[in-house]
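Engineer: With the input below, show me the fold.
(one chain, ligands or ions: 2)
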Amino acid sequence: MSDDKPTLTIALSKGRIFEQALPLLAAADLHPSEDPESSRKLILATNDPCVKLVIIRASDVPTYVEYGAADLGIAGKDVLLEHGGDGLYEPLDLRIARCRLMVAGRPDASLEPTAARGRLRIATKYVRSAERHFAAKGQQVEIIKLYGSMELSPLVGLSDLIVDLVESGGTLKANGLVPLEHIGDISSRLIVNKAAWKMKHARVTGLVEALRAAVEGNAGERTAGERMGAQG
Ligand SMILES: Nc1ncnc2c1ncn2[C@@H]1O[C@H](COP(=O)(O)OP(=O)(O)OP(=O)(O)O)[C@@H](O)[C@H]1O
Ligand SMILES: O=P(O)(O)OC[C@H]1O[C@H](OP(=O)(O)OP(=O)(O)O)[C@H](O)[C@@H]1O
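Structural biologist: Ligands and ions are numbered 1, 2, ... in the order given. I've put the predicted structure just below:
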């Protein structure tokens with residue numbers, strides 16, 4: 001196949017990432033043929049016959065891109081931190097699906113191990129990030145891997161604390177929990193397979209730059225503080 005018009009496969013998850021990526025893709029003149037919420041198809045065509053989208057679980061996106069089953073992908077930084085970033089480039093922060101990775105627990109929860117209980121028990125889907133966070137504080141903790149609904153864990157005595165994503169804080173509040181420590185700011189990133197970056201360079205970088213322009217055109221979504229920071 002010539003490098004003039006190679007095919008591109010872009011992996012992303014349905015739900016908030018698809019919805020928030022849609023305007024950015026549209027600004028790069030990419031329009032999916034169907035809505036993944038109403039279609040059961042996992043491969044979606046676009047208006048560009050050389051570009052297709054594959055719709056997969058959010059946590060599977062880096063794997064598809066690493067192995068070259070997709071040339072590009074859109075994945076949350078939370079997912080990338082767990083994956084480790086092997087075989088991937090991460091050229092662009094798309095500034096969508098923004099939230100914070102936090103330690104949370106009951107309002108009276110201790111962040112220090114107690115003599116009675118020994119090591120703190122932390123329930124989370126984000127094992128690597130949680131381990132790294134507590135290790136950086138010099139704390140050995142027991143991590144309990146969960147796949148969702150982490151907020152339940154301290155309520156039923158499975159763990160002392162959780163590490164989870166927080167946006168509005170509504171889910172924590174609804175379950176009588178509070179945010180206790182900020183681990184990091186999360187947003188979705190464009191990721192690129194390393195071989196595709198080389199072999200389909202013109203096509204890939206053309207799309208990266210079109211998306212970069214779309215992200216920068218969304219300056220209205222930034223906070224006043226961020227705009228001031230960008231000027232300074
Ligand atoms: N409440 C939230 N607000 C904003 N962004 C969020 C929120 N929750 C998750 N995200 C971001 O959106 C990404 C996708 O979230 P989504 O809920 O669609 O998938 P998931 O259920 O976390 O993943 P999987 O289906 O693989 O378990 C997350 O990886 C994270 O980066
Ligand atoms: O602070 P909030 O605005 O309440 O958002 C936080 C919630 O959002 C995420 O869950 P999500 O809604 O994605 O459900 P999931 O974990 O089942 O994907 C996260 O795991 C929290 O439960």
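Engineer: Now L155. Nearest residue, chain neighbours left out?
Structural biologist: Taking CB to CB, 6 or more residues apart in numbering, and ignoring the residues beside it in sequence, L155 has N175 as its nearest neighbour in space, at 6.3 Å. For glycine as for every other residue, the C-beta is placed from the backbone atoms N, C-alpha and C.
Engineer: what about the closest residue to K77 other than its chain neighbours, how many neighbours?
Structural biologist: Leaving aside its chain neighbours, K77 sits nearest to I186 (4.8 Å; criterion: CB to CB, 6+ apart). Applying other CB atoms under 10 Å, we find 23 residues neighbouring I186.
Engineer: quick check: domain ranges of the protein?
Structural biologist: Structurally, the chain divides into domains by automatic domain parsing as follows: 8-97+187-231, 99-185.
Engineer: Which one of the ones you listed lies nearest to ligand 2?
Structural biologist: Among the domains of the chain, the nearest to ligand 2 by CB to the nearest ligand atom is domain 99-185 (3.3 Å).
Engineer: Around ligand 2, pick out the residues from the chain.
Structural biologist: 148, 164-171 (CB under 6 Å from any ligand atom).
Engineer: Quick check on these: which are buried?
Structural biologist: For the residues of the chain next to ligand 2, a burial check counting by 16 or more other CB atoms under 10 Å picks out 164-166, 171.
Engineer: from the residues you listed, which ones fall inside strands?
Structural biologist: Here DSSP state E is the test, and these give 164-166 as lying in strands.
Engineer: Can you lay out the residues you listed as a markdown table showing pLDDT?
Structural biologist: Shown next, in a markdown table, are these (pLDDT from 0 to 100):
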| residue | pLDDT |
| --- | --- |
| D164 | 98 |
| L165 | 98 |
| V166 | 98 |
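Engineer: Retrieve the pLDDT associated with the residue nearest the centre of the chain.
Structural biologist: Centroid check for the chain by CA atoms, centre = their mean gives G76 as the closest residue, at 0.8 Å. The score at G76 is 98. That number is its pLDDT.
Engineer: How about T223?
Structural biologist: What the model reports for T223 is a pLDDT of 46.
Engineer: With G220 instead?
Structural biologist: 48.
Engineer: and what of G87?
Structural biologist: For G87, the pLDDT comes out at 85.
Engineer: Spit out the contact partners of it.
Structural biologist: Applying CB atoms under 8 Å, 6 or more residues apart in numbering, we find G87 in contact with 65-67, 193-194.
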